[in-house]
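>>> I would like to see how this sequence folds:
(one chain, ligands or ions: 2)
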Amino acid sequence: MTDIRIRIDSKTYPAIGQAGQYQAIANLGLSLRAGEFVCLVGPSGCGKTTLLNIIAGLDPDYDGEIMLGSLHTSPKIGYVFQNPRLLPWRTVRENIELALGSHQSPELIDPLLETMQLTRAQHVYPERLSLGMSRRVAIIRAFAVDPDVLLMDEPFVSLDAPTARQVRDLLLKLWRQRPHTVLFVTHDLREAIALADRLVFLSSSPMHVLSEITVPIAREERHNETLIESYRQQLMKDHPEIRQLL
Ligand code: ADP
Ligand code: MG
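Ligands and ions are numbered 1, 2, ... in the order given. Down below sits the predicted model:
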């Protein structure tokens, strides 16, 4: 694993419905240490998906640079989109196999299916899956490519609370077995505190980093919702600048 440094000097879009450009991101700097789980927290529409697409190499139209260690190389990406984006005419297993490189053995999928409790569903087509199961398949698919960085764009949005919690616990189980650098987008501060080594708060447009906070709660304590909630309240008290974001 390698550290990743991201610098976006400027990202603009053509302004919608008027002449000129809309400045989506300006002077944003972010470093990810190898193996670190970082949560990006920011209001809807602030530019989080734009940032992930740039890091993923899907949007080359920006000023700045992404560094993998000391190299100007694009990191290998695993991307969990907001919507699971599974191919409907492929089974669960086939959807995951499609993401593998030619040097990767299809057998490496088996322990991933096992950890995410999908072994019995592996030959099912996506239409038979619940949303929580589809999200778990999308997570396996992203881990299976053994990426330099895993990008996750609000992957638990619109799940009911118990399902979101179950998928979150399974994600953490998988991440402990296979530590990867993760950049996880959410606008749910409790979810971010439960998951992250470090929280990065983002302003609305043009988007930049407002604050970065290391979560001081031990990993073994992260299932304790009372503790998470009291830390959330403490954060809001100590950091008035993040209140307006949530
Ligand atoms: P977030 O993921 O934080 O909700 P997005 O990255 O999707 O935000 O969008 C950030 C801003 O950029 C929004 O104001 C959105 O309207 C604008 N935007 C996103 N994609 C485009 C596009 N293709 N063309 C023009 N404006 C866009
Ligand atoms: Mg988004």
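
>>> Which strand or helix spans the residue most central in space within the chain?
Nearest residue to the geometric centre of the chain (Cα atoms, centre = their mean): Met152, 2.1 Å. Per DSSP states H and E, Met152 falls inside strand 149-153.

>>> Likewise for Thr49?
Assigned by DSSP H and E, Thr49 falls in helix 48-55.

>>> what's the distance between that helix and the middle of its chain?
Taking Cα atoms, centre = their mean, to the nearest Å, the mean C-alpha location of helix 48-55 is offset from the chain mean by 10 Å.

>>> does any part of that helix sit near ligand 1?
Yes. Against ligand 1, helix 48-55 shows contacts by Cβ under 6 Å from any ligand atom at Lys48, Thr49, Thr50. No exception for glycine: its C-beta is placed from N, CA and C like everyone else's.

>>> okay, those in CSV with pLDDT and neighbour count next?
Shown next, in CSV, are the residues of helix 48-55 next to ligand 1 (pLDDT from 0 to 100; neighbours: other Cβ atoms under 10 Å):
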residue, pLDDT, neighbour count
Lys48, 96, 23
Thr49, 96, 16
Thr50, 96, 17
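
>>> For those residues, give me a markdown table that also has distance to Ser130.
Below are these laid out as a markdown table (distance: Cβ to Cβ, whole Å):
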| residue | distance to Ser130 |
| --- | --- |
| Lys48 | 26 |
| Thr49 | 24 |
| Thr50 | 30 |
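
>>> Which member of these is positioned nearest Ser134?
Thr49 (18.8 Å; Cβ to Cβ).

>>> buried sites along the longest helix along the chain?
Ranked by residue count and defined by DSSP state H, the top helix of the chain is helix 161-177. Across helix 161-177, burial judged by 16 or more other Cβ atoms under 10 Å covers Thr163, Ala164, Arg165, Gln166, Val167, Arg168, Leu170, Leu171, Leu172, Leu174, Trp175.

>>> Against which helices or strands is it packed?
Judged by 3 or more Cβ pairs under 8 Å, 6 or more residues apart in numbering; DSSP states H and E, helix 161-177 is in contact with helix 109-115, helix 131-144, helix 189-195.

>>> Just checking, which helix or strand of the protein averages the lowest pLDDT?
Here the helix or strand of the chain ranked lowest by mean pLDDT, DSSP states H and E is helix 240-243, holding a mean of 87.

>>> could you dump that one to PDB, C-alpha only?
Listed in PDB are the C-alpha atoms of helix 240-243, where the atom choice follows Å, rounded to 0.1, in the frame of the first residue of the first chain:
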ATOM      1  CA  PRO A 240     -18.900  25.300  15.100                       C
ATOM      2  CA  GLU A 241     -17.700  25.500  11.500                       C
ATOM      3  CA  ILE A 242     -19.100  22.000  10.800                       C
ATOM      4  CA  ARG A 243     -22.600  22.600  12.200                       C
END
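
>>> how far does it sit from the chain's center?
Distance, stretch centre to chain centre, for helix 240-243: 22 Å (Cα atoms, centre = their mean).

>>> Many thanks, I have nothing further to ask.
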